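Engineer: my questions are about this predicted structure, shown below with the sequence.
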Amino acid sequence: MSATDDTPLQPLLDDALIVLRAPTQVWSARDGELGAQPIDGVYHGDVRHVRSLRLSCRDSEVEWISTAAHGPSRAVFGGLLRGLDDATPDPKVRLLRERAVMDGAVTETWTVLSRLTEPVDTVLTLTLEPDFGSLHDVKAGTAASQPAEMTTTDAAATARSADQEFTLRAPGATVAGGGRGRALTAQWPVRVEPGGEAEVSFTIELRDPTLVVHGAAEPWSGAGARPGATSHPRLDRWLDVALGDLDALRLTLADDDDVFFAAGAPWFFTLFGRDSIWAARLVLPLGAGVAASTLRVLAALQGDQHDPATAQEPGKILHELRSSALELPNEGVVLPPRYYGSVDSTPLWVCLLADAWRAGMPEPEVRELIPALRRALHWILDFGDSDGDGFLDYIDRSGRGLANQGWKDSGDSIQWRDGRLAEGPIALCEVQGYAYEAALAGADLLEAFGGADEGALAPAALREWAAALRTRFREAYWVQTPEGRYPGIALDRHKRPVDTLTSNIGHLLGTGILDPDEERAVAELLLGGSMSSGYGIRTMSTDADGYWPLSYHGGSVWVHDTAIVAQGLHRAGLDDAARVVAEGLLAAAEGFGYRVPELHAGDPATETSVPTPYPAACRPQAWSAAAAVVCLEILED
């Protein structure tokens, strides 16, 4: 069945422009105009406050000729007003439109510049349409504007719908609209003297008391920890963009000052356990500050009861937090505001705590988290294995949660080589590597901070459990296929290793669950032609029946996934292979103008001079931006 005009479609993002400061973002066309494309709008949290925002000039069409980003939160658009110009060839009347985004505010400044010998008189008009539709409905392709009450004064207007509202302040303008009409207008009379310029501006102040997150108040110290220029100019450019994006993606909870990285734009301006942990872990070379605060935020939300509706269990680390339930009608998924459906967040939290401690997290801050560490280790030992086979696994018990609860969380991500879907409970291979590493890290931490732990949490017992897991893993996961011998992506409900060659095995590198010969074998497969695109590591081998270069988790390249592979190679001492993977990431970053999306197509670099976009991919994405720091660590080591 093909899509029709009535079929809801997720908006495409690859050609849109974003200016952001989480949790506020503005998506527009390259000329700065909002309203033509489904993604366009001014968003604050999970609500699109403004659908359309347009600039017009009474006496001339605006012909846009340039777009320049100045970091993640400011952009300048340049245009010509040839209807006001003289008859000579060179354009002499220009319009500059500067957009700046802050947490809860969007400001634009319009400047008319003239080289004419006569004064210019005209009128500039802003036309703005309130929306107040749900971000989740925008993503689903079912967006609908909500009724809004509007009130106006001479130079300001307020629009309100339910709990959300915004105020337009336009000094010097005449503002019109109101009642329940759809559009607001602001008009400024403008006079530009010969050889001079004239400027007008407006601000949209956005308010939503239901938000559970706010923007970070202080600048990110990690951006300043970057060393000077590297020996790789492309890496320098990528770092400039990536560190700016990471700074703009920082959030805090509404009642807390601890900072974490939002997962990404436009859909994920909130706390995600796995995403926030990995982003903080990948940027640890720049300092342990965000890692420490992320650990505290997640520890405060750690599970303390059994609740199938939220997938909560004692000691389990959160998957995601929102101000209201997330409904995905096309997928039959309804996630509660606080959802724990993630099999890997808990062992990754333990790994991050150990890494942050070794990277210089102050010992008193580590000590404060030891009780949460014990609870997380108890979850790994007592609740992570649902069927008693000795491996961490998952299955959705609510019937409305995520069917797959690893980082590849789409419904078709766990496949056999012949394309069949695996049946749950699913025990992902990489999660066993995380659990092995977490048990050893937990033993080290408890030995250093915990005092006299006994029973299952005694350091010796944790190390014994890890050793037994390593043995079980070697016996259960390895498969032999025409592509070679490697760990299958998972065990299915029948304890059979699912035999597809995937990028998941790259997450095992450096965890210690593989021996050196096994790590070299995995590295060779990942750098082979079926897995390496030249722009990163594919999520699935080209030899698998389910492979498609534009499949979300079945052949695409995810930047953070490739970065984890590169980091694992580096940790395993396979530095030449790590540099090859890092160079592929640099080539991808260059192809995307150094703001890498969350994923791109798995097309080989031998067939395309730039990576092919996955057109619905989020950008910027925290863990994708953090990949630049991994490349810094590898290429400048």
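Structural biologist: Done, it's in. Note that the structure is predicted; figures quoted are calculated from it, not measured. Residues are numbered from 1 along each chain as shown.
Engineer: so residue 314 sits against residue 303, correct?
Structural biologist: Yes - applying C-beta atoms under 8 Å, one finds residue 314 in contact with residue 303, separated by 5.8 Å. Placement of C-beta: from N, CA and C, glycine included.
Engineer: higher neighbour count, the two?
Structural biologist: The residue with more neighbours, out of residue 314 and residue 303, is residue 303; 22 against 15, by other C-beta atoms under 10 Å.
Engineer: which of the three states applies to that one?
Structural biologist: Of the three states, residue 303 takes coil under DSSP: H, G, I helix; E, B strand; the rest coil.
Engineer: got a pLDDT number for it?
Structural biologist: Note on residue 303: pLDDT of 98.
Engineer: how about residue 176?
Structural biologist: Per the predicted model, pLDDT is 93 at residue 176.
Engineer: name the residues of the lengthiest helix in the chain that are buried.
Structural biologist: Determined from DSSP state H, the single longest helix within the chain is helix 429-449. Within helix 429-449, the residues that count as buried by 16 or more other C-beta atoms under 10 Å are 429-443, 445-446, 449.
Engineer: then stretch 379-397?
Structural biologist: 379-381, 383-386, 390-396.
Engineer: redo those residues as CSV? Include pLDDT.
Structural biologist: Below are the buried residues of stretch 379-397 laid out as CSV (pLDDT from 0 to 100):
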residue, pLDDT
379, 98
380, 98
381, 97
383, 97
384, 97
385, 96
386, 92
390, 95
391, 98
392, 98
393, 97
394, 97
395, 94
396, 93
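Engineer: adding secondary structure and distance to residue 576, write these out as JSON lines.
Structural biologist: Shown next, in JSON lines, are these (DSSP: H, G, I helix; E, B strand; the rest coil; distance: C-beta to C-beta, whole Å):
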{"residue": "379", "secondary structure": "helix", "distance to residue 576": "38"}
{"residue": "380", "secondary structure": "helix", "distance to residue 576": "34"}
{"residue": "381", "secondary structure": "helix", "distance to residue 576": "38"}
{"residue": "383", "secondary structure": "helix", "distance to residue 576": "41"}
{"residue": "384", "secondary structure": "coil", "distance to residue 576": "36"}
{"residue": "385", "secondary structure": "coil", "distance to residue 576": "37"}
{"residue": "386", "secondary structure": "coil", "distance to residue 576": "40"}
{"residue": "390", "secondary structure": "coil", "distance to residue 576": "35"}
{"residue": "391", "secondary structure": "coil", "distance to residue 576": "33"}
{"residue": "392", "secondary structure": "coil", "distance to residue 576": "32"}
{"residue": "393", "secondary structure": "coil", "distance to residue 576": "35"}
{"residue": "394", "secondary structure": "strand", "distance to residue 576": "36"}
{"residue": "395", "secondary structure": "coil", "distance to residue 576": "40"}
{"residue": "396", "secondary structure": "coil", "distance to residue 576": "42"}
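Engineer: so, low pLDDT: which residues of the stretch 251-400 of the chain?
Structural biologist: 329 (pLDDT under 70).
Engineer: quick one on the thing from earlier: which among the buried residues of stretch 379-397 gets closest to residue 168?
Structural biologist: Closest approach to residue 168 among these (C-beta to C-beta): residue 396, at 44.1 Å.
Engineer: how near is the closest one to residue 85?
Structural biologist: Distance of residue 396 to residue 85, computed by C-beta to C-beta, to the nearest Å: 63 Å.
Engineer: over to residue 408?
Structural biologist: Distance from residue 408 to residue 85, by C-beta to C-beta: 55 Å.
Engineer: looking at these two, which is more packed in?
Structural biologist: Higher neighbour count among residue 408 and residue 85: residue 408, with 23 against 18, using other C-beta under 10 Å.
Engineer: now the more buried one: closest residue in space that isn't a chain neighbour?
Structural biologist: residue 553 (4.2 Å; C-beta to C-beta, 6 or more residues apart in numbering).
Engineer: is it true that that neighbour touches residue 411?
Structural biologist: No - contact criterion C-beta under 8 Å: residue 553 and residue 411 do not qualify, at 9.6 Å.
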